[in-house]
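In: would you be able to build a 3D model of this:
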Amino acid sequence: MMKIFFYRPCRIAVVFFLLTRLCHAQQSVHLPKQQDRWVIQPDGSILWNINSTFPHTDHIEMAGERVAIWIEYSLDSLKRTRISRTLVFPTFRMLPDVTRSHVSYTFQDNELPRFYINKRLLDFGTVQSGKSGNLGFDVKSISHKGIMRIQAESGKPTLVTIQRSFYPAVDQAMAIEKFVFTNVSETDLPITMEYMKKEMRTDPSRSKGQSHSVVMGTAGDGSKMVKPGASVTFAVYYLASDQPDQLPVVNADQEEQKRLARVTEILAPLKLETPDKVLNTAFDFAKIRATESIYKTKGGYMHGPGGLAYYAAIWANDQAEYINPYFAFSGDRIGNLSAMNSYAWFGKYMNPEYRAIPSSIVAEGDAVWKGAGDRGDQAMIAYGASRYALANGNIDSARKLWPLIEWCLAYNKRKMNEEGVVTSDKDELEGRFPAGKANLSTNTLYYDALRSSVFLGQALGKPKSQTDAYRKEADLLKANIEKYFGGQVEGFETYKYYEGNDVLRAWICLPLTMGIFDRKQGTIDALFSPRLWTADGLATQAGKDTFWDRSTLYALRGVLEAGETEKAIDFIKYYSRRRLLGDHVPYPVEAYPEGNQRHLSAESGLYCRIFTEGLFGMRPVGLASFECTPRLPKDWNFMALRQIHAFGSVFDLEVQRTGRDKLTVSIKNPGKDLQYQMKVGTTKLIKL
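Out: The predicted model follows:
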């Protein structure tokens, strides 16, 4: 007689759970092999040797205090070059006062002055010399490191080599395109650039203040006889002015030296040393992009994301949350001025009725944008300002920031719902994807802001009753985050991004960056599953092609902070190589398809924070102290951050493997060296 077994529901659930976990384990992402287009050079630049690796198109942005230059460059299937350069002048503005009211113009190669080599016209749009007698422009390589340089040849046999460089002026509303011709023939060559000056004036009825002029012109024009082995330099400038009859004298070489000096100034502090050259170089490039994009406006220094859209303005996410906590470690004077200025601007909008601070302050401070309502901006500001104040280590700055932090915390407390989590109209994606009435992003940011404010309040001598209250609120919020957002999504024990959410979202990574590890395994499994991980990092929502680098950068940091070093480092290496040496280089990007992967600058700050807060595990807990939980990958025996400017000091942080599960952490600063013996995965409180 056949026996029929009836399984209890709980046993079925257990079996289903085990099968689901097994399925997920089998679905872990296998990172694809990457083919590098670019190669790291001994001077720290990256180089694309053209060879046969075309057609190809890419774009890059560079910036100074009063200008940004966005360059799209391409080689077609016949190796013909096309370059489009868009100049943005953030402090020259149109009406009405809105985010994108800056003056900008685009210039193509066919607008350049004419160049002649030995009386033959140089044609930038062809490769070989034509029947007409024109000379072609044969590109051999392109390089980047704060200046974009194109190396080319012209003539058959080759008469000249040409170095073509693009860079912004450091402190003027001007960018330079510089041409250096070197005679490689055996005879003297006359080389000529024709004089040119082209002026555009904005509509006075729409111009702010007065009509603005944008001028394209030549510097060093004329004809020069160049001997074999010698060189001659010409330049084209692009500038904006309200006094077109009093233009500055343009010295292309001097502007180039100033740009190189600024790049060196950015790169000198906060040096990453690891056995991985790609990571070290990607870190350097991220520092350049993160720091160059600061504009000197009538409202003070304002860090701007860029991307042809976001200048002379600040945002609660890009500046207050993403980039400013990085500047506290960077050692860059202008970066820190911009950080303090951004918080001061947000502070001007505090009010006794606790109406939301605008998401963005635009047009050099003359207008605001709050089109998405409250995106959780007060949580962003409180999180960033409290972390910045602690890491910056300056008590006077911390005192200035405290009222803003205090106000933002009070605002969030007033937005609590019955379940004890904070509500907001949107999140930082401003309705592009659903966020419900209360989202995980706003709540985790508020949680970390409370934690940091406990430390900051203690450092500032605030009443114990106040810091105890913040601590209790943080503990309660952590419990409520688990109750409200914790759950199973697509079979993973992770977080619902909002109530009713049943599709995996990239921002489930945020609890990991805030020290909430209750659901770390399920969350990490979900992040690195085929449902979320794509060739370009995390999909914003499972099943969608859209990605935003900011969530990938938070996730990579969070996985390190959760202690999954080996898993994290594989993905960090993959991501870094793709962004530095792949097809769209050399910086982290904003998003796709929106913005076509613009190099928005705050994302580069988030990349650097993978290392300061993730790999080296530096968590500010005082004006002169931090918790250090280093995550040294198993294949490395040493790593270091040099010239860290934080906690009121300048110091090196070295991590050395001294045994299978032991590390030596050394703090080196003038006059006082500290050394600690630690077990792998443990945390040490370091007081400077």
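In: please point out which parts of stretch 135-149 sit buried.
Out: Neighbour counts over stretch 135-149 (16 or more other CB atoms under 10 Å) mark 135-139, 142-149 as buried. For glycine as for every other residue, the C-beta is placed from the backbone atoms N, C-alpha and C.
In: with just CA atoms, put that stretch into CSV.
Out: C-alpha atoms of stretch 135-149 as CSV (Å, rounded to 0.1, in the frame of the first residue of the first chain):
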residue,chain,number,x,y,z
LEU,A,135,47.6,68.2,-45.8
GLY,A,136,45.8,65.7,-43.6
PHE,A,137,45.7,65.4,-39.8
ASP,A,138,46.7,61.8,-38.8
VAL,A,139,46.0,61.2,-35.1
LYS,A,140,48.4,58.9,-33.4
SER,A,141,47.4,59.1,-29.7
ILE,A,142,45.2,60.9,-27.2
SER,A,143,46.1,61.4,-23.5
HIS,A,144,44.4,62.8,-20.3
LYS,A,145,45.6,64.1,-17.0
GLY,A,146,43.9,67.4,-16.3
ILE,A,147,44.8,68.4,-19.9
MET,A,148,43.6,66.6,-23.0
ARG,A,149,46.4,66.2,-25.5
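In: quick check: longest helix of this structure.
Out: Counting by DSSP state H, the longest helix found in the chain is helix 464-485.
In: quick one: mean pLDDT over that one.
Out: Averaging pLDDT along helix 464-485 yields 98.
In: coming back round to it: now for the buried residues of stretch 135-149, which pair is the farthest apart?
Out: Maximum pairwise distance in those, criterion CB to CB, is 30.0 Å, between L135 and G146.
In: quick one on the thing from earlier: which of the buried residues of stretch 135-149 fall within strands?
Out: Among the buried residues of stretch 135-149, the members falling in strands (DSSP state E) are 138-139, 142-144, 148-149.
In: still on that earlier bit, tell me the one of the buried residues of stretch 135-149 nearest L270?
Out: Of all these, L270 sits closest to G146, with 16.1 Å by CB to CB.
In: for the closest one, give me phi and psi.
Out: Main-chain dihedrals, G146, degrees, to the nearest 10: phi 80, psi -20.
In: ok, for it, nearest residue in space, not its chain neighbours?
Out: V263 (3.6 Å; CB to CB, 6 or more residues apart in numbering).
In: what strand or helix carries the one you found?
Out: Per DSSP states H and E, V263 falls inside helix 252-267.
In: avg pLDDT for that helix?
Out: For helix 252-267, the per-residue pLDDT averages 98.
In: any low-confidence regions in the stretch 101-250 of the chain?
Out: 130-131 (pLDDT under 70).
In: can you check the chain too?
Out: 1-28, 130-131.
In: one more pass at 90, please.
Out: 1-33, 51-53, 128-133, 660, 670-672 (pLDDT under 90).
In: ok, longest strand in it?
Out: Ranking each strand of the chain by length (DSSP E) puts strand 81-93 first.
In: where along the stretch 1-150 of the chain do the helices fall?
Out: 9-26 (DSSP state H, counting those that start in this stretch).
In: the stretch 501-650 of the chain now?
Out: Under DSSP H, counting those that start in this stretch, the stretch 501-650 of the chain gives helices at 510-513, 520-527, 549-561, 565-581, 601-609.
In: so can I have CSV of those helices showing mean neighbour count?
Out: Compiled in CSV, the helices of the stretch 501-650 of the chain are given as follows (neighbours: other CB atoms under 10 Å):
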stretch, mean neighbour count
helix 510-513, 26
helix 520-527, 22
helix 549-561, 27
helix 565-581, 21
helix 601-609, 28
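In: among the ones you listed, which is nearest L75?
Out: Among those, helix 565-581 sits nearest to L75 (CB to CB), with 17.7 Å.
In: just how off-centre is the closest one within its chain?
Out: Taking CA atoms, centre = their mean, to the nearest Å, one finds helix 565-581 lying 16 Å from the centre of the chain it belongs to.
In: need the residues that contact it.
Out: Residues outside helix 565-581 that contact it (CB atoms under 8 Å, 6 or more residues apart in numbering) are 31, 34, 36-40, 46, 276, 278-279, 281-282, 285, 524, 528, 533, 535-537, 552, 556, 559-560, 585-589, 610, 614, 631-634.
In: quick check: angle from that helix to strand 138-144?
Out: Following axes from the mean of the first three to the mean of the last three CA atoms, to 10 degrees, one obtains 140 degrees for the angle between helix 565-581 and strand 138-144.
In: what about K227, neighbour count?
Out: By the criterion of other CB atoms under 10 Å, K227 has 10 neighbours.
In: go on, T99?
Out: 19.
In: L504 too?
Out: 25.
In: ok, and the closest non-adjacent residue to it?
Out: Leaving aside its sequence neighbours, L504 is closest to A542 (4.0 Å, by CB to CB, 6+ apart).
In: surely that neighbour and E490 touch.
Out: Yes - A542 is in contact with E490 according to CB atoms under 8 Å; the separation is 6.7 Å.
In: give me the common contacts of the two.
Out: In contact with both A542 and E490: 503-504, 531, using CB under 8 Å, 6+ apart.
In: quick check: I334 touching Y295?
Out: No - contact criterion CB under 8 Å: I334 and Y295 do not qualify, at 10.2 Å.
In: joint contacts of the two?
Out: 65, 301.
In: show me what the helix or strand where S666 lies is packed against.
Out: Here S666 is covered by strand 662-669, with elements defined by DSSP H and E. On a contact count with 3 or more CB pairs under 8 Å, 6 or more residues apart in numbering; DSSP states H and E, strand 662-669 meets strand 649-659, strand 672-679, strand 684-687.
In: returning to that earlier point: give me every residue that touches the residue nearest to G146.
Out: By CB under 8 Å, 6+ apart, the neighbours of V263 are 145-147, 288, 292.
In: got those residues as JSON lines, with distance to W345 columns?
Out: As requested, these are arranged in JSON lines below (distance: CB to CB, whole Å):
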{"residue": "K145", "distance to W345": "32"}
{"residue": "G146", "distance to W345": "28"}
{"residue": "I147", "distance to W345": "32"}
{"residue": "I288", "distance to W345": "25"}
{"residue": "E292", "distance to W345": "21"}
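In: what's the closest of those to H212?
Out: Closest approach to H212 among those (CB to CB): E292, at 23.1 Å.
In: what's across from the spatially closest residue to the closest one that is not a sequence neighbour in the sheet?
Out: Distances taken as CB to CB, 6+ apart place A63 nearest to E292, at 4.8 Å, with adjacent residues excluded. Assessed by DSSP bridges, A63 has beta-bridge partners A68.
In: just checking, A63 touches Y167?
Out: No - here A63 does not reach Y167: they are 10.2 Å apart, not a contact under CB under 8 Å.
In: what do those two both touch?
Out: Residues touching both A63 and Y167 by CB under 8 Å, 6+ apart: I69.
In: how about the strands in the stretch 401-550 of the chain?
Out: 486-489, 492-495, 533-534, 537-538, 547-548 (DSSP state E, counting those that start in this stretch).
In: show me where the stretch 51-200 of the chain has strands.
Out: Under DSSP E, counting those that start in this stretch, the stretch 51-200 of the chain gives strands at 56-63, 68-75, 81-93, 102-108, 115-117, 120-121, 138-144, 148-154, 160-168, 174-183, 189-193, 197-201.
In: as JSON lines, those with distance to T233 would be great.
Out: Converted to JSON lines, these look like this (distance: least, CB to CB, whole Å):
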{"stretch": "strand 56-63", "distance to T233": "20"}
{"stretch": "strand 68-75", "distance to T233": "19"}
{"stretch": "strand 81-93", "distance to T233": "19"}
{"stretch": "strand 102-108", "distance to T233": "20"}
{"stretch": "strand 115-117", "distance to T233": "12"}
{"stretch": "strand 120-121", "distance to T233": "20"}
{"stretch": "strand 138-144", "distance to T233": "18"}
{"stretch": "strand 148-154", "distance to T233": "13"}
{"stretch": "strand 160-168", "distance to T233": "9"}
{"stretch": "strand 174-183", "distance to T233": "5"}
{"stretch": "strand 189-193", "distance to T233": "10"}
{"stretch": "strand 197-201", "distance to T233": "19"}
